[in-house]
Every structure is written in structure tokens, then in C-alpha cells.
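[1] Here is a sequence with its predicted model. Questions after.
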Amino acid sequence: MTATTTLPKRIQRRRVKGWTKPDNTVIVDRTSRWGNPFKAVDAIDNGFADNPADARKVCVQSFNDWLDGEPDYAQVEPERRAWILANLHLLAGKDVACPCPPGALCHGDSLIRRAARAAAKAGA
């Protein structure tokens, strides 16, 4: 008999009456320490993107570069970056919730992948 495992997924967080966070889910939006410090409005205002879809791409890439330690982002919330990297194991096997629509690029997907890698590395 083989055990089935469900891969972690990203859930759209709703701020409507009656919505509750599902079990085994961590909120990763800007209200949490897991939030992406890069904002779409800033990407557009600073000329890095012309529209919301491109701005989302810029923000997710910036988030990944930030976590990877790219020097251009060294001054962006270094304590939070260190906290996220030190605590990725807390997300391993958990779903994440943020306000991004399903199918849209989201830093939450990056967190899921990084948590899985951190868990695999810890188990190796």
C-alpha cells in the first residue's frame, strides 16, 4: 500500500465575512513576516513595468533575487530576509494563503518551492 501525499498549494486569502483560513495553511501576505516587500505599484511608478501583469513579474523576481542575496537588494529589510531564510522549514508541507488570484504569479509559490527544498536538504 502506498501513502498519498498532497503537495502544498497556494490558496487565495479572502477578506470577506465567513472566510476562514484552512487547516495546515500559513498566511504569507504583507500582514505577515512572509510578505513580499516589493510592491507592484512601486514597480510601475519607478518605470520597471508598464502594467500590473508585468509589475507582478518584477515583484516576484525581485523577491527571489532578494532571498538569493543579490547585492542590489542588500538594504531591503535584511532582518526579515534573514528570518524568512532561517524559518523556511516552518512552511514545509503547508499550504500558503495570500490575496493573489489563482494562476497569477505570486511570491507564495516561491516560498512553497523554497520550503520544499529546505525540507529536502534538512532530511538529506
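    Now that the structure is in, tell me what you want to look at.
[2] Every contact and neighbour count from this point should use C-alpha atoms.
    Fine.
[3] Show residues contacting the helix or strand hosting A97.
    Using DSSP states H and E, A97 sits in strand 95-98. Identification of contacts with strand 95-98 by C-alpha atoms under 8 Å, 6 or more residues apart in numbering yields 8-13, 21, 24-29, 108, 112.
[4] what about burial for those, which qualify?
    By neighbour count, with 16 or more other C-alpha atoms under 10 Å, the contacts of strand 95-98 hold 8-11, 13, 25-29, 108, 112 as buried.
[5] Could you export those as JSON lines, including distance to R81 and secondary structure?
    Formatted as JSON lines, these follow (distance: C-alpha to C-alpha, whole Å; DSSP: H, G, I helix; E, B strand; the rest coil):
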{"residue": "P8", "distance to R81": "22", "secondary structure": "coil"}
{"residue": "K9", "distance to R81": "22", "secondary structure": "coil"}
{"residue": "R10", "distance to R81": "21", "secondary structure": "strand"}
{"residue": "I11", "distance to R81": "23", "secondary structure": "strand"}
{"residue": "R13", "distance to R81": "23", "secondary structure": "coil"}
{"residue": "T25", "distance to R81": "21", "secondary structure": "strand"}
{"residue": "V26", "distance to R81": "17", "secondary structure": "strand"}
{"residue": "I27", "distance to R81": "17", "secondary structure": "strand"}
{"residue": "V28", "distance to R81": "14", "secondary structure": "coil"}
{"residue": "D29", "distance to R81": "15", "secondary structure": "coil"}
{"residue": "G108", "distance to R81": "15", "secondary structure": "helix"}
{"residue": "I112", "distance to R81": "16", "secondary structure": "helix"}
